[in-house]
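Peer 1: My questions concern the predicted model and sequence given below.
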Amino acid sequence: AQSVTQLGSHVSVSEGALVLLRCNYSSSVPPYLFWYVQYPNQGLQLLLKYTSAATLVKGINGFEAEFKKSETSFHLTKPSAHMSDAAEYFCAVSAGNQFYFGTGTSLTVIP
Amino acid sequence: KAGVTQTPRYLIKTRGQQVTLSCSPISGHRSVSWYQQTPGQGLQFLFEYFSETQRNKGNFPGRFSGRQFSNSRSEMNVSTLELGDSALYLCASSRTLAGGTRVPNEQFFGPGTRLTVL
């Protein structure tokens, strides 16, 4: 069975500070892992994906994530938060023909 | 390429009514999945269609149904609406390999349909 856990449903950071959003997964098979971002009243937009190539994955808008098999983690980071990063972030794992999403983390950026 | 489109974007219905939502996938994508998103439950998988057949189903009551047409467009229907059905309904499309396996690193989402049940 596959599942995704996002620690912290709400995260606040100051503008310019490091963003760290946590994601842990469980998967019985080698997973494909994703981070999506959702802005208000919009659908989900793919930020980045891990598909068993490089463990450090770079995405759009300066985000990156590192796949750590030993920790079953895929945390999302960005060195310096911008106001425009305020949104809901979802971690997801794909196995077989189904996606499993975490419950989401709402990121607030404080000016 | 045009993205995934969903119509309508907003709907207001009353309890007991039924509703039909539509999703047009990206051209060439044959797999369409539907999700319900609510503040309390997050994203929950409803079902997936491929080649006009439902091949995966989430844990939702039979009031929730769907179908897919030969052009890969999909509709979902909710009958006898309840207050708890108020949610953002998201559709996502994926490309598939020969044999129907969804390309696992591609799932593209539409903007969603916001359903409010009064």
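Peer 2: Sure, I can see it.

Peer 1: How about the contacts made by the residue nearest the centre of chain B?
Peer 2: Central residue of chain B (CA atoms, centre = their mean): B:Trp34, 2.8 Å from the mean position. Contact analysis of B:Trp34 by CB atoms under 8 Å, 6 or more residues apart in numbering or on different chains lists B:23, B:45-48, B:66, B:74, B:76, B:89-92. C-beta coordinates here come from the backbone N, C-alpha and C atoms, glycine included.

Peer 1: do A:Gly43 as well
Peer 2: Per CB under 8 Å, 6+ apart, neighbours of A:Gly43: B:4, B:6, B:90, B:109-112.

Peer 1: Spatially, and excluding backbone neighbours, which residue is closest to residue 5.
Peer 2: I'll assume chain A. Excluding its sequence neighbours, the residue lying closest to A:Thr5 (CB to CB, 6 or more residues apart in numbering or on different chains) is A:Asn24, at 4.8 Å.

Peer 1: wait, I meant chain B there
Peer 2: Using CB to CB, 6+ apart, the closest residue to B:Thr5 is B:Ser24 (4.6 Å).

Peer 1: Let me know whether the one you found touches B:Arg73 as I believe.
Peer 2: Yes - taking contacts as CB atoms under 8 Å, B:Ser24 lies within contact range of B:Arg73: 5.0 Å.

Peer 1: Look up how far chain B lies from A:Cys91.
Peer 2: According to CB to the nearest CB, to the nearest Å, A:Cys91 and chain B sit 11 Å apart.

Peer 1: Mind giving me the packing neighbours of the helix or strand that contains that residue?
Peer 2: Per DSSP states H and E: A:Cys91 is located in strand A:87-95. Using 3 or more CB pairs under 8 Å, 6 or more residues apart in numbering or on different chains; DSSP states H and E as the contact definition, the elements that strand A:87-95 packs against are strand A:3-5, strand A:32-38, strand A:73-78, strand A:98-101, strand A:105-110.

Peer 1: got the CA coordinates for it in CSV?
Peer 2: Extracted as CSV, the C-alpha positions of strand A:87-95 are listed here (Å, rounded to 0.1, in the frame of the first residue of the first chain):
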residue,chain,number,x,y,z
ALA,A,87,0.0,28.7,-1.6
GLU,A,88,-1.0,25.1,-0.8
TYR,A,89,1.6,22.4,-1.5
PHE,A,90,0.9,18.8,-2.0
CYS,A,91,3.2,15.8,-2.0
ALA,A,92,2.1,12.8,-4.0
VAL,A,93,3.3,9.3,-4.8
SER,A,94,2.5,7.3,-7.8
ALA,A,95,2.4,3.5,-7.9
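
Peer 1: Compare neighbour counts for B:Ser24 and B:Arg73 and give me the winner.
Peer 2: B:Ser24 (21 against 17; other CB atoms under 10 Å in any protein chain shown).
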